[in-house]
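> have a look; sequence and predicted model below, questions after that.
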Amino acid sequence: KWLPEMAPFVIGEAVIPSKAGKTAFCEFINIPRTASQLLEMEPAESIGLVRQGIELAKKRGAQLVGLGAYTAVVSWGGMVLREAGVPLTTGNSYSVITAYQATLAALERLQIDPGSSTAAVVGAAGSIGRCLALLLAQSVEKIILLGNPANPRRSLDKLTTVGAEICRHLLSVAQDSPTGRKIAGVPGCPDSSQDLADFLRFFNDNASLLPITVSLDADTELPKADVVATATSSVNDLVKPENVKFGAVVCDLSRPANVSREIKSRRPDVLVIDGGVVEIWNRPDLGWNFGFEQGLCYACMAETMLLALEGHLEHTSIGSSIDLETLDLLQSLAEKHGFRLADLRSFDKPLSAKDWQRVIAFRAAAGTDIFCRSLGPKERF
């Protein structure tokens, strides 16, 4: 753990290139606390520490500040720091985009049809989880929205609102995607131009007829999901060997991770991928080592770089609700400046050809003696 007397400090710097011929100067400022330490602090103390980091950035000439990982969580998505005198971003929009791209890429590699799959989003009431659920709902047959059982009433209210938003979103894209027709035939379905309140009533009245499940019970619902995405602020393992479906694809966006490392050894049929890892155009040296190969970074970092390259110096992706227009903006900026999803990774390491072959082999061996011997009693099928 970091010592409590330590203040934020600069840990690295880099010049970020763009395919469009622009450059941006980037400095990385370390907030010297772990996620657990920030969680244990009083809110005023943790926010004050993040504010120190912002002030350091301002003194060094920053025109835009990205709030990475738990600094966004303790500052309520940057909302309590929006008057700090510099534009902020949490990087959540590009994190959503890359997680969605990574999930679809993994399904394609394993020849899994998203349209016949059930997806579960753990943390669907949060900023990232909500947007990821909206995108996944366009591609999958059914979706499960999972929230925090520690605050049941608040979580269920938020999840129900996300469910209503999904209904409205699917209808709004019905002309371009057959996915939207899933709910068009349900009696009383509002027009996509109507207010969210109308869809909330519709969702509550027709929950049993819709391909959307709202729940706080991950252990009951996760075994039903072919695709799992985690996007929470929890520091606990929520996806475990005993509660994940055979052959599932799990995309872990949470930092700290929410997927147990035991899955790798105990559930070889399950593919876990890290969400939100980006390859910067021309793969520059970022000036410090945070566990990736040169030129790779987290999507939240990449969003800050993209906004700086574009000169989009205003609050972006802050608060609890990201709009789809911002997702479109970040997608277009990534294409313009040459940023792309990095090759898929699992538990912070690149997935090799051997890793893919291993997962495919164990999925194909389901029900055989060799497969059953590799699993504990609780994981056998």
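All right, it came through fine.

> list the beta-bridge partners for Glu13.
Counting by DSSP bridges, Glu13 forms beta bridges with Glu27.

> isn't it up against Phe25?
Yes. Contact criterion Cβ atoms under 8 Å: Glu13 and Phe25 qualify, at 7.2 Å. Placement of C-beta: from N, CA and C, glycine included.

> now do the lengthiest helix in the chain: everything it contacts.
Determined from DSSP state H, the single longest helix within the chain is helix 152-172. Contacts with helix 152-172, where a contact means Cβ atoms under 8 Å, 6 or more residues apart in numbering, come from 124-125, 130, 133-134, 137-138, 143, 145-149, 179-180, 182-184, 189-192, 194, 196, 199-200, 202-204, 207, 210, 212, 214-216, 324.

> which of those residues are buried, as a PyMOL select command?
Buried members of the contacts of helix 152-172, defined by 16 or more other Cβ atoms under 10 Å, are picked up in PyMOL with:
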select buried, resi 124+125+130+133+134+137+138+143+145+146+147+148+179+180+182+183+189+190+192+199+200+202+203+210+212+214+215+216+324
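
> among the contacts of helix 152-172, which are in strands?
Counting by DSSP state E, the part of the contacts of helix 152-172 found in strands is Ile143, Leu145, Leu146, Ile212, Val214, Ser215.

> Serialize the residues you listed to CSV and add fields for pLDDT.
Below are these laid out as CSV (pLDDT from 0 to 100):
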residue, pLDDT
Ile143, 98
Leu145, 98
Leu146, 98
Ile212, 97
Val214, 98
Ser215, 98
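
> Ser46: which of these is nearest?
Leu146 (25.9 Å; Cβ to Cβ).

> which residues touch the closest residue to that closest one other than its chain neighbours?
Using Cβ to Cβ, 6 or more residues apart in numbering and skipping the chain neighbours, the partner closest in space to Leu146 is Val122 (4.7 Å). Shown in contact with Val122 (Cβ under 8 Å, 6+ apart): Gly129, Leu146, Ala218, Leu222, Val228, Ala229, Thr230, Ala231, Thr232, Leu238, Val239, Asn258.

> ok, of these, which one's closest to Thr89?
Out of the contacts of Val122, the member with the shortest distance to Thr89 (by Cβ to Cβ) is Ala231, at 16.8 Å.

> counting neighbours, what do you get for that closest one?
Residues near Ala231, counting by other Cβ atoms under 10 Å, number 29.

> list the contacts for it?
Ala99, Val121, Val122, Gly123, Ala124, Gly126, Ile128, Gly129, Leu132, Leu253, Ser254, Gly275.

> for Phe28, same thing?
When the contact criterion is Cβ under 8 Å, 6+ apart, the partners of Phe28 are Val10, Ile11, Gly12, Glu13, Ala14, Leu286, Gly287, Trp288, Met301.

> dump the residues you listed to JSON lines, plus pLDDT.
Output for the contacts of Phe28, formatted as JSON lines (pLDDT from 0 to 100):
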{"residue": "Val10", "pLDDT": "96"}
{"residue": "Ile11", "pLDDT": "95"}
{"residue": "Gly12", "pLDDT": "95"}
{"residue": "Glu13", "pLDDT": "96"}
{"residue": "Ala14", "pLDDT": "97"}
{"residue": "Leu286", "pLDDT": "96"}
{"residue": "Gly287", "pLDDT": "93"}
{"residue": "Trp288", "pLDDT": "91"}
{"residue": "Met301", "pLDDT": "96"}
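
> those: which two are farthest apart?
Val10 and Met301 (14.7 Å).

> neighbour count for the two, which is higher?
Neighbours per residue (other Cβ under 10 Å) separate Val10 from Met301, with Met301 holding more: 24 against 15.

> so which strand or helix has the more buried one?
Element membership for Met301, per DSSP states H and E: helix 299-310.

> against which helices or strands is that helix packed?
strand 9-17, strand 23-30, strand 65-66, strand 88-89, helix 92-109, strand 277-279, helix 324-337 (3 or more Cβ pairs under 8 Å, 6 or more residues apart in numbering; DSSP states H and E).

> ok, which of the ones you listed comes nearest Pro350?
Of the helices and strands packed on helix 299-310, nearest to Pro350 by Cβ to Cβ is strand 277-279, at 9.5 Å.

> who's in contact with that closest one?
Residues contacting strand 277-279 (Cβ under 8 Å, 6+ apart): 94, 98, 102, 292, 295-299, 301-302, 334, 339-343, 345.

> pairing partners for that strand, with directions?
By DSSP bridges, strand 277-279 pairs with strand 296-298 (antiparallel), strand 340-341 (antiparallel).

> buried set for it?
Across strand 277-279, burial judged by 16+ other Cβ under 10 Å covers Val277, Val278, Glu279.

> same check on stretch 321-332?
Ile322, Leu324, Thr326, Leu327, Leu329, Leu330, Gln331.

> any chance of those residues in a markdown table, with distance to Glu40 and pLDDT too?
Shown next, in a markdown table, are the buried residues of stretch 321-332 (distance: Cβ to Cβ, whole Å; pLDDT from 0 to 100):
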| residue | distance to Glu40 | pLDDT |
| --- | --- | --- |
| Ile322 | 28 | 88 |
| Leu324 | 35 | 92 |
| Thr326 | 32 | 96 |
| Leu327 | 33 | 96 |
| Leu329 | 36 | 97 |
| Leu330 | 33 | 97 |
| Gln331 | 37 | 97 |
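
> quick one on the thing from earlier: now do the helix holding Met301 and helix 324-337, the angle between them.
With axes from the mean of the first three to the mean of the last three Cα atoms, to 10 degrees as the basis, helix 299-310 and helix 324-337 are set at 70 degrees to each other.
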